[in-house]
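# Sequence and computational prediction follow.
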Amino acid sequence: MSSHVLILGGDGYLGWPTAMYFSERGYQVTVVDNYFRRNACTELDVGMLYAVPTLQERAKIWHEHTGKEIKVVIGDLADAEVMRSLFDGRVKYQWAVNSAFTGIPETIIHYAEQPSAPYSVMDYKHANITLSNNLMVTNNLMFAVRDFARDTHIVKLGTMGEYGTPNIDIEEGWLDIEHKGRKGKFLFPRQASSLYHTTKIMDTDLLWFGVRMWDLKVTDLMQGPVYGTETDESAIDERLKTIFNYDEIFGTVVNRFVVQAIAGYPLTVYGQGGQTRGYLNIKDTLQCVGKSAETPAAKGELRIFNQIMETFSVKELAELTQKVGSRLGYNVEIKSIENPRKEAEEHYYNPTYQGLIDIGVKPHYLTEEVMEQMMRIADSHKANIRNDVIFRGVRW
Ligand code: USQ
């Protein structure tokens, strides 16, 4: 029997490509989602670069092309009974070739969270949604694994933003401290700059508790902002491409700049643009979760990797976008605007990121060719770009 991977948040930007990635490699795959992201995009009227079929439709298209099955569950994982049904067999699949219960997963990839920093600070209602969804889903997952599946490996998506921008080198999750002549190892200090990032810190604490109390196996992937659209699996059918946001709420900075270049919208560099982050291609997100699943954490281990491949400042990203865009004939202007966020605009940033390379990840870098390819895809959907969603000014 092949290994079973359960993907929580399987409809999102990373969830759906992850599902195809594992399915292609012979895993049995189940995805769960409550369409939070799509509904939030509708509620906030932020648009997407192109329309994407429902999760059930995508699983069907995938099956037609490959003969492989991705089982689909539509449900809210903040409801503990929905979560527990995935382990005790009560689950009802909304799409499956074989509707019998697949059984306990060997690996769970946890993406089922509200992922936007601006969304989380918009007002108290959106802050509450972020806190209650993200913490409830993580807690429900922890208890389901404790009660039904103690040998299951949880791969949780964390974020580099949990560390903030400290004035010392960022280690991979842990820090050795010597204090008054005694030594200890602790979680690297966390200091988030949004409530979304704060929930990720709290998730880490919850699962670290589960690891200490019940010997759970957890890998935490501290991911930087992701860019890109295409993955090897989506190349077989246009309709399998992942959702792509370029708006202020759900778009990440590289994806936003690419679309802004095509639309002739001056690149929105927030403040001085010295904000430096670790970035990675969506293809590398898949490699990282894939390699983590192949080499699980041990029982009672919280294993932490910094999931980035290279660092850039916002200014450097804007310059790269301008260079590639100009070469392709677009008129790309860079415009520094008052920073709506409260963050350091010039700071030290030196994270370690070796652990994933050590377990076999081969990085893709943000080259001019990669950016050019992203621009060609964005250009093919140019008619859908809405300038009014690019900047609305959600302030911290
Ligand atoms: N930025 C601009 N102009 C823009 C958009 C962003 O200058 O038009 C700046 C931001 O101020 C920030 C940096 O670019 O300094 C990155 O912003 P982002 O929106 O790409 O990323 P962020 O809000 O930090 O969140 C994203 C994902 C989140 C993930 C996180 C990784 O939405 O799910 O966890 O990247 S990290 O940033 O490392 O915490």
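Yep, it's here. Note that the structure is a prediction, hence the values are computed from the model and not measured.
# Now do the SS call for the residue of the stretch 151-300 of the chain found nearest the ligand.
Closest to the ligand within the stretch 151-300 of the chain is G161: 2.3 Å, counting by Cβ to the nearest ligand atom. C-betas here are computed from N, CA, C, even on glycine. What DSSP: H, G, I helix; E, B strand; the rest coil gives for G161 is helix.
# Might you report the residue contacts of it?
G161 is in contact with A117, A192, S193, S194, H197, K200, R277, counting by Cβ atoms under 8 Å, 6 or more residues apart in numbering.
# Which members of the residues you listed are the farthest-apart pair?
Largest separation among the contacts of G161 by Cβ to Cβ: K200 and R277, giving 14.5 Å.
# For the stretch 1-150 of the chain, which segments are assigned as strands?
For the stretch 1-150 of the chain, strands defined by DSSP state E, counting those that start in this stretch occupy the ranges 4-8, 28-33, 70-74, 107-110.
# How about the residues of the stretch 51-200 of the chain by the ligand?
P115, S116, A117, T159, M160, G161, H197 (Cβ under 6 Å from any ligand atom).
# again, 5 Å this time
Proximity of the stretch 51-200 of the chain to the ligand, by Cβ under 5 Å from any ligand atom, involves residues P115, A117, T159, M160, G161.
# Also the stretch 251-396 of the chain?
Residues of the stretch 251-396 of the chain that fall close to the ligand, judged by Cβ under 5 Å from any ligand atom: T252, V253, R256, T268, Y270, Q275, R277, V314, R341.
# Go again with 8 Å.
The stretch 251-396 of the chain comes close to the ligand at residues 251-254, 256-257, 260, 267-271, 273, 275, 277-278, 308, 314, 317-318, 339-341, 343, 390-391, as judged by Cβ under 8 Å from any ligand atom.
# So which of the residues you listed belong to strands?
Applying DSSP state E to these, the entries found in strands are L267, T268, V269, Y270, R277, G278.
# Look up how far N387 lies from Y93.
Here Y93 is placed at a distance of 41 Å from N387 (Cβ to Cβ, to the nearest Å).
# Can you pull the poorly scored residue ranges out of this protein?
Applying pLDDT under 70 to the chain flags the ranges 1.
# for it, what spans make up the helices?
Ranges of helices within the chain are 15-24, 36-44, 55-66, 80-88, 117-121, 124-148, 195-214, 253-263, 282-294, 314-327, 355-358, 368-379, based on DSSP state H.
# picking that back up, how about the strands of the stretch 1-150 of the chain in CSV, adding mean neighbour count?
CSV is the format used below for those (neighbours: other Cβ atoms under 10 Å):
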stretch, mean neighbour count
strand 4-8, 26
strand 28-33, 27
strand 70-74, 24
strand 107-110, 26
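# export these to a markdown table and tack on distance to P53?
Putting the strands of the stretch 1-150 of the chain into a markdown table (distance: least, Cβ to Cβ, whole Å) gives the following:
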| stretch | distance to P53 |
| --- | --- |
| strand 4-8 | 17 |
| strand 28-33 | 13 |
| strand 70-74 | 12 |
| strand 107-110 | 21 |
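# just to revisit the earlier point, out of the contacts of G161, who has the most neighbours?
In terms of neighbours by other Cβ atoms under 10 Å, the contacts of G161 top out with K200 at 26 neighbours.
# possible to save the helices of the chain as CSV with distance to G181?
Formatted as CSV, these follow (distance: least, Cβ to Cβ, whole Å):
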stretch, distance to G181
helix 15-24, 46
helix 36-44, 50
helix 55-66, 56
helix 80-88, 46
helix 117-121, 40
helix 124-148, 36
helix 195-214, 25
helix 253-263, 45
helix 282-294, 37
helix 314-327, 43
helix 355-358, 30
helix 368-379, 50
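# what's the neighbour count on P105?
Neighbours around P105, by other Cβ under 10 Å: 23.
# what sits against it?
H4, V5, L6, T30, L86, A149, T152.
# Return the distance of it relative to the ligand.
From P105 across to the ligand, the span is 24 Å (Cβ to the nearest ligand atom, to the nearest Å).
# which residue packs closest to S85, ignoring adjacent ones?
Leaving aside its sequence neighbours, S85 sits nearest to V91 (Cβ to Cβ, 6 or more residues apart in numbering; 4.4 Å).
# Spit out the contact partners of that neighbour.
Here V91 is in contact with V73, S85, F101 (Cβ under 8 Å, 6+ apart).
# G228 too?
Going by Cβ under 8 Å, 6+ apart, G228 touches V254, N255, N281, I282, K283, V370, M374.
# Select from those the one having the most neighbours.
M374 (26 neighbours).
# ok, for it, nearest residue in space, not its chain neighbours?
V258 (4.7 Å).
# My understanding was that the one you found contacts E372; is that so?
No. The pair V258 / E372 is not scored as a contact, 9.8 Å apart, by Cβ atoms under 8 Å.
# between the two, who's got more neighbours?
Each of V258 and E372 has its neighbours counted (other Cβ under 10 Å); V258 has more, 31 against 14.
# Quick check: the more buried one vs F209, distance?
Using Cβ to Cβ, we find V258 at a distance of 40 Å from F209.
# do the same with L55
Taken as Cβ to Cβ, the span from L55 to F209 is 32 Å.
# neighbour count winner among those two?
Neighbour count, other Cβ under 10 Å: between L55 and F209, L55 has more, with 24 against 14.
# quick one: which two of the residues of the stretch 51-200 of the chain next to the ligand are the most distant?
P115 and M160 (13.3 Å).
# coming back round to it: tell me which of Y93 and N387 has more neighbours.
Just comparing Y93 and N387: by other Cβ under 10 Å the higher neighbour count belongs to Y93, 20 against 10.
# So that one sits against A100, correct?
No. Using Cβ under 8 Å, Y93 is not in contact with A100, being 9.3 Å away.
# Show me whatever sits in contact with both of these two.
Counting by Cβ under 8 Å, 6+ apart, nothing touches both Y93 and A100.
# Tell me which residues are up against stretch 76-88.
Stretch 76-88 is contacted from outside by 6, 8, 30, 32, 34, 73, 75, 90-92, 104-105, 112, 132-133, 136-137, 140-141, 143-145, 147-149, using Cβ under 8 Å, 6+ apart.
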